[in-house]
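Undergrad: Sequence below, structure please.
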Amino acid sequence: MARERRGSGSLETDLGRGIHPVPGSHPPGPSPICSGEDETDRVAGESDLETVAYTSSLSLVLLGFLLLAQEGEGNRLVERLGDPNPSVREEAARTLEAMGSRALPELKKAAASPDPEVRARSTALLTQIERELAQADREAQERPRVFPRVSVDQADVPLREVLDDLGRQAGIAWKTSDLLLDRPVTLKGKDLTLAEALDRLGLYRLGGHPYLHVQKPAKFAAFSDGLRFSFETRSFSRGGERLGTIFETRTSESYEGDLRWDVAAIRTDGARVVERCAIHSPELVYVAGAGLTDPRVTVKGLRRWYCPTPIEFSKPSNGDFWRVAPVQVSVAWPSIRVHTDALVEKEVLGKMLSTLDIKFKVKPGREKDLMGVGFGGGGGGRYGGRFGSRNPAELAWCGCFGRPAETPPNPPAMAQEQLVPVGGWSSDYRIEDIASISLILRKPVEEPFEVTSPPLKP
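TA: Okay, the predicted model is just below:
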């Protein structure tokens, strides 16, 4: 069965693992109390219990010391928020922000500090950390809607009933006009990705749309949240001599977002060297030599989805900002500036915010009897193509002439910032005329994943 591993944002600490007692010395079997043990065994058993009790007490003591140390560190960092040296203040602020919820108790106390510098910085940090925590909660609540999982136990029932069950669990009203809904189907499984459940029924959907389409279930497939990978192999020969094996991996995405992935490894009796083409990989990769026994393909990648996040600027001024790493949104009237911590594809910036996502209200008495709506939106495309026909004897395993390409196509345009016009005749007003600006930011959320195919038997 195909395996999936998904990255996690949590950190495991020694505190989380705990301190385990040394195992006792008595052999396995019935409890000595019930077996008439001699005095030596009884004393040994009591010694074991004392060891467990002592170790548990030691764990609690160490935990208390660690918590006190963290509290003391928080106190010291808060004091440094008022340090005369600006670099010390900035470093303390960065460290406190990185501490997240653990810094909140000390920051709440410092928000009432008589030192105006400490008070201002503590208040700003409180706002930022609480915003980060609220955003994490929002993303945790949104994720099951984007990547629903289902459990089904249906045997020999009409397809209509199974789809109704899946739709209820996933919160989706299917569009099924072209399907044979009365044909009997069987579907059983627990905690399946929606993509796998649909694949077993010979169906799929594109993006986050409710429209279902017919497809033949893959012979070899692996699934991750929102993703389906299908695998095929075929031999590559030249002049009647088998030179190696071509591995083809196809993907389909059932969520609104982006995907980056690569073939991380191909394993059979051992790890094999994987040859790539700068144009056709990772969809096509190649392993030279014969005799591959039931190879498995491991795919690693990064999926990006977008969490709808409402933001409001009340009584805005130019420069007002909202930030949750790695995105900052600020007022630059009559536009909204979106800035990312690192370069991203321009297409990604376009997906985060468009003019249609922004609304504003004018202060009473400053209306200019104008009505309008914003116009805008983003977009992007993908390039692709095939080479013209060539003499097969001159083609590499990937279809390139002579040898696999070493130079990739032109990379997508990158940027770190974009200005999104507010629209609605916003240019007819000054920022002083605006009572509020509200918008929906589609904040990108990136998740690493890993899947491994089942054995690719001939």
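Undergrad: just for the chain, where's the confidence low?
TA: Applying pLDDT under 70 to the chain flags residues 1-72, 369-393.
Undergrad: which helices and strands sit right next to the host helix or strand of residue 252?
TA: Per DSSP states H and E: residue 252 is located in strand 241-253. Contact here means 3 or more CB pairs under 8 Å, 6 or more residues apart in numbering; DSSP states H and E; on that basis strand 241-253 packs against strand 227-238, strand 257-267, strand 284-288, strand 296-314. For every residue, glycine as well, the C-beta is placed using N, CA and C.
Undergrad: residues contacting the closest residue to residue 170 other than its chain neighbours?
TA: Excluding the flanking residues, the one nearest residue 170 by CB to CB, 6 or more residues apart in numbering is residue 148, at 3.7 Å. When contacts are counted by CB atoms under 8 Å, 6 or more residues apart in numbering, residue 148 touches 169, 170, 171, 172, 194.
Undergrad: any idea which helix or strand comes after the helix or strand in which residue 342 is found?
TA: Counting by DSSP H and E, the element that carries residue 342 is strand 335-345. Moving toward the C-terminus from strand 335-345, the next helix or strand (DSSP H and E) is helix 346-352.
Undergrad: Ramachandran angles for residue 86?
TA: When quoted as degrees, to the nearest 10, the phi and psi of residue 86 stand at phi -60, psi -40.
Undergrad: give me the number of residues near it?
TA: 8 (other CB atoms under 10 Å).
Undergrad: Mean neighbour count and distance to residue 104 added to the helices and strands packed on strand 241-253, as JSON lines?
TA: What follows is the helices and strands packed on strand 241-253, written out as JSON lines (neighbours: other CB atoms under 10 Å; distance: least, CB to CB, whole Å):
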{"stretch": "strand 227-238", "mean neighbour count": "17", "distance to residue 104": "37"}
{"stretch": "strand 257-267", "mean neighbour count": "17", "distance to residue 104": "32"}
{"stretch": "strand 284-288", "mean neighbour count": "19", "distance to residue 104": "49"}
{"stretch": "strand 296-314", "mean neighbour count": "18", "distance to residue 104": "21"}
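Undergrad: Figure out which of those strands is closest to residue 140.
TA: Residue 140 sits nearest to strand 296-314 of all the helices and strands packed on strand 241-253, at 9.7 Å, using CB to CB.
Undergrad: the inter-axis angle of the closest one versus strand 335-345?
TA: Orientation check (axes from the mean of the first three to the mean of the last three CA atoms, to 10 degrees): strand 296-314 against strand 335-345 gives 170 degrees.
Undergrad: Can you name the element that comes right after strand 296-314?
TA: That would be, after strand 296-314 and using DSSP H and E, strand 321-324.
Undergrad: quick one on the thing from earlier: separation between the residue nearest to residue 170 and residue 213?
TA: 18 Å (CB to CB, to the nearest Å).
Undergrad: Enumerate the beta-bridge partners assigned to the spatially most central residue of the chain.
TA: Nearest to the geometric centre of the chain sits residue 447, at 2.4 Å (CA atoms, centre = their mean). Using DSSP bridges, the bridge partners assigned to residue 447 are residue 303.
Undergrad: I'd guessed it sits against residue 300; true?
TA: No - Residue 447 lies out of contact with residue 300 (CB atoms under 8 Å); the separation is 11.9 Å.
Undergrad: Taking their axis directions, the strand holding residue 252 and strand 257-267 sit at what angle?
TA: 150 degrees.
Undergrad: partners of strand 241-253, with directions?
TA: strand 227-238 (antiparallel), strand 284-288 (antiparallel).
Undergrad: And the helices and strands packed on strand 241-253: which comes nearest residue 156?
TA: Of these, nearest to residue 156 by CB to CB is strand 227-238, at 25.2 Å.
Undergrad: residues in contact with that closest one?
TA: 193, 195-196, 199, 204, 218-223, 242-254, 259, 286, 292, 295, 297, 299, 303, 393, 397, 449, 451, 453, 456, 458.
Undergrad: rerun at 6 Å
TA: 195, 218, 220-222, 242-252, 297, 299, 397, 451, 453, 456 (CB atoms under 6 Å, 6 or more residues apart in numbering).
Undergrad: Farthest pair within the contacts of residue 148?
TA: 171 and 194 (10.5 Å).
Undergrad: Just want to know which of those two has more residues nearby.
TA: Neighbour count, other CB under 10 Å: between residue 171 and residue 194, residue 194 has more, with 22 against 9.
Undergrad: Now the more buried one: closest residue in space that isn't a chain neighbour?
TA: residue 148 (5.0 Å).
Undergrad: So what does that neighbour have for phi and psi?
TA: Dihedral angles (degrees, to the nearest 10) for residue 148: phi -70, psi 150.
Undergrad: Likewise for residue 456?
TA: phi -90, psi 80.
Undergrad: Identify the residues contacting it.
TA: 220, 231, 233, 295.
Undergrad: next one: residue 252
TA: Contacts of residue 252 by CB under 6 Å, 6+ apart are 204, 228.
Undergrad: how far away is it from residue 234?
TA: 20 Å.
Undergrad: same check, this time on residue 200
TA: The value you get for residue 200 to residue 234, if CB to CB is used, is 25 Å.
Undergrad: Got the domain ranges for this protein?
TA: Domains of the chain are assigned by automatic domain parsing as 17-146, 147-217, 303-381+390-445.
Undergrad: Which of the contacts of strand 227-238 are buried? Put it as a ChimeraX command.
TA: Buried members of those, identified by 16 or more other CB atoms under 10 Å, are gathered into one ChimeraX selection as follows:
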select :195,218,220,221,222,244,245,246,247,249,252,297,299,397,451,453,456
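Undergrad: so where does residue 107 fall, helix or strand?
TA: helix 104-110.
Undergrad: so what does the helix or strand just after that helix touch, helix or strand wise?
TA: Following helix 104-110 in sequence order, the next helix or strand is helix 116-146 (DSSP H and E). Applying 3 or more CB pairs under 6 Å, 6 or more residues apart in numbering; DSSP states H and E, one finds that helix 116-146 makes contact with helix 86-99, helix 104-110, strand 296-314.
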